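1. Sequence plus predicted model, see below.
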Amino acid sequence: MNFKSIIDQQILLDKAIKEAHKINQDYSNQMIIALYTEVGEFANEIQSFKYWKKSKNIDQNNLLEEFADGLHFLISFAIKTNCNYIIEPLVLSNDINYQLLEMFKSIYKLSKKISRRNVTKCIAIYIGIAKILNIEDDLIIESYMLKNKKNFERIKNNY
């Protein structure tokens, strides 16, 4: 998947956030916690791990928004580590729960060492989840752009 347009927008958003909140120090630990949280919220929308629940009504719009939230943090790390614009999805298993567990493991590895390799693997696994769910690249980009616009509005409104 080509992330060029997303990276260009994320650079602007990261700058706006730093300026709005007067951030001068490294906030990688907060970003890792945020990434865990957003991937968890995305998993909650998928509901695949909820073996106890019979009715799993998935709201596609919420699912895409939560996916975009996780992508925002991943792309910030990609910018920080100079990742390539093109990253191929990595599907380790068609079992969505296994893929989600691998995502959480990859975030843990990223928390231990923020490197281009670890960021690329995180993104690859994350978009692998999208592939398992049959979410096309153009829908990923569209969802990201919608959420990015919302994030800029939040900054404007002192969120």
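-> Happy to help now that I have it. This structure is a prediction, so every number in the text was calculated from the model and none was measured. Numbers count the residues shown, from 1 in each chain.
2. any idea how far Thr37 is from the residue of the chain positioned farthest from its centre?
-> Taking Cα atoms, centre = their mean, the residue of the chain most remote from its mean C-alpha position is Lys54, at 27.8 Å. The spacing between Lys54 and Thr37, counted by Cβ to Cβ, to the nearest Å, is 27 Å. For every residue, glycine as well, the C-beta is placed using N, CA and C.
3. Likewise for Tyr27?
-> Distance from Tyr27 to Thr37, by Cβ to Cβ: 14 Å.
4. cool, and Asn97?
-> Taken as Cβ to Cβ, the span from Asn97 to Thr37 is 19 Å.
5. quick one on the thing from earlier: where does the residue farthest from the centre of the chain fall, secondary structure wise?
-> Of the helices and strands defined by DSSP states H and E, none includes Lys54.
6. Check Leu139 too.
-> Using DSSP H and E, Leu139 falls in helix 137-156.
7. contact partners of that helix?
-> Residues outside helix 137-156 that contact it (Cβ atoms under 8 Å, 6 or more residues apart in numbering) are 1-2, 5-6, 9-10, 13, 16-17, 20, 64-65, 67-69, 71-72, 127, 130.
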